[in-house]
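In: structure for the following, please:
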Amino acid sequence: MTASTKFLAGVLALSLPLAAIAQTAPAAAAPAPAADVVKFTPYGFILANGFFTGNSLADQDYPGAAQATLRGGSVLFSGRQSRIGFKMATRDDWSGADLTGVIEFDFSAGHTSAVSTAWYNGLMRLRLASMTAAWKTEAGTVSVLAGQDVGLVNTLFAESLAWVAKPLFWQAGNLWRRSPQFRVSWANNFGDFGVNAAVAALSPATTDAASGGAAAAVDFGAGNQSRMPNIEARLAGTAKFGDGITAAVGVGYHMNTRRVSYGTPNQQDVDGNMLGVDVDLGLTKYLQLKGEFYSGAGADDTYNAIGAATYTVAGAPAGTAVKAQETTGYWAQAIAKPLPWAWVTLGLGHAEADKAHAATGARINSDQLAGGLIFNAGKYWRFGVEYAQVETEYLTAAGGAATTKQDATQIGVSSMLRF
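Out: Just a heads-up that it's a prediction; the model follows:
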């Protein structure tokens, strides 16, 4: 599918009458207090995990990829997924806006040392830092967000206690990103139906190495070099049908431009895109189904998927050799709730990159199967046992001529205290 075709598909998809409001951001704040009062609310959780890994995983605290070269299993305990955040709310007399803000951290930014004796020294990581100004009108609520928040494509997360900071089905069909951005949104309710729409300009996020003599790509990657922000849009809606039946569907679209071989005679701009659909269904109070699908090119690294964003065509004329790599993926999960305090989860995810253009040694397919028991012991305490199996396929010869597969498993034991 060409970039122009995918753009047209994105525009058509955004005309759907239903879509889901983003669910990965913190819960909406209560109505703003008076202008001279600032309401301040802390929230978060303390999360302890035990990971028991069979075979070899690239990360010992997440079943994302089975290593191509086996190195054995492991046992690991962690508290690094614990999270703390603060919500703020007030009213602005000058503009008449309800002002809300959020700042949120976890401890998954890395380690102070590479040895296991320093594993517990998790560095604090900024997850969210944004403020929103909202105005209620007869036609709905209009809001402007500024700061770091989630992207607008595929906003759902699967239910899990073991895999949170690195969400379940990451690199196996679950896209996600948090990025500094400026966003304009509109939302309204029509009886049992709700709808919202949003458009945003986001800071480019790529894993391309810096070019043109830059010392580092952390703030000067190929996306930054294009001098164009990422542009995203989303249409979302919800519906209630009675007897505990609900539906939420969302459609998001992403566009980016990256400038490769910057400052050389071979300089080239490469366009990327991503179209995502997410669905969350409440089929009575005893069963919930949710999942996502995406298809795109030149945006896999932006949304933390498995593939490289671009590839180079050997022998192509200078300035035309770099092309956008195509990728697709999906995940789905069922959450059975036979009792309020006992949930059963079961899900799967899949992601793949175009192996005809992947580099030798690259991952081209990733599959996850995961399930578990989660217990809600009252309002604040949750604990559970979960199991995940991953199969990863690697390209061992250029052009997709030969591949190899590896399998790995992980059991996660978790305890969460929420506040």
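
In: residues contacting the nearest residue to Val313 once chain neighbours are set aside?
Out: For Val313, the nearest residue in space outside its immediate sequence neighbours is Ala321; the separation is 5.0 Å by CB to CB, 6 or more residues apart in numbering. Every residue, glycine included, has its C-beta placed from N, CA and C. Neighbour list for Ala321: 266, 268, 312-314 [criterion: CB atoms under 8 Å, 6 or more residues apart in numbering].

In: and Ala321, its phi and psi?
Out: Recorded main-chain torsions at Ala321 are phi -80, psi -30, according to degrees, to the nearest 10.

In: pLDDT score assigned to it?
Out: What the model reports for Ala321 is a pLDDT of 90.

In: how close does it get to Asp59?
Out: Computed with CB to CB, to the nearest Å, the distance linking Ala321 and Asp59 is 33 Å.

In: please pick the buried ones from the contacts of Ala321.
Out: Of the members of these, the ones counted as buried by neighbours, 16 or more other CB atoms under 10 Å, are Gln268.

In: quick check, nearest of the contacts of Ala321 to Gln81?
Out: The shortest approach to Gln81 among the contacts of Ala321 belongs to Thr312, at 37.6 Å (CB to CB).

In: helices of the stretch 1-150 of the chain, start to end?
Out: Counting by DSSP state H, counting those that start in this stretch, residue ranges of the helices within the stretch 1-150 of the chain are 3-13.

In: which residues of it score low on pLDDT?
Out: 1-32, 34-35 (pLDDT under 70).

In: ok, now with 90
Out: Counting by pLDDT under 90, the stretch 1-150 of the chain has low-confidence residues at 1-37, 55-60, 67-72, 110-122.

In: all strands of it, in order?
Out: 39-54, 57-59, 62-66, 74-78, 83-91, 98-106, 125-137, 140-150 (DSSP state E, counting those that start in this stretch).

In: for Gly384, which residues are in contact?
Out: Counting by CB under 8 Å, 6+ apart, Gly384 touches 161-162, 372-375, 413-414.

In: name the helix or strand for it, please.
Out: Secondary structure assignment for Gly384, by DSSP states H and E: strand 381-397.

In: neighbouring strands for that strand, and are they parallel or not?
Out: Applying DSSP bridges to the sheet, strand 381-397 is found paired with strand 363-377 (antiparallel), strand 402-418 (antiparallel).

In: geometric centre of this protein: which residue is closest?
Out: Trp176 (1.2 Å; CA atoms, centre = their mean).
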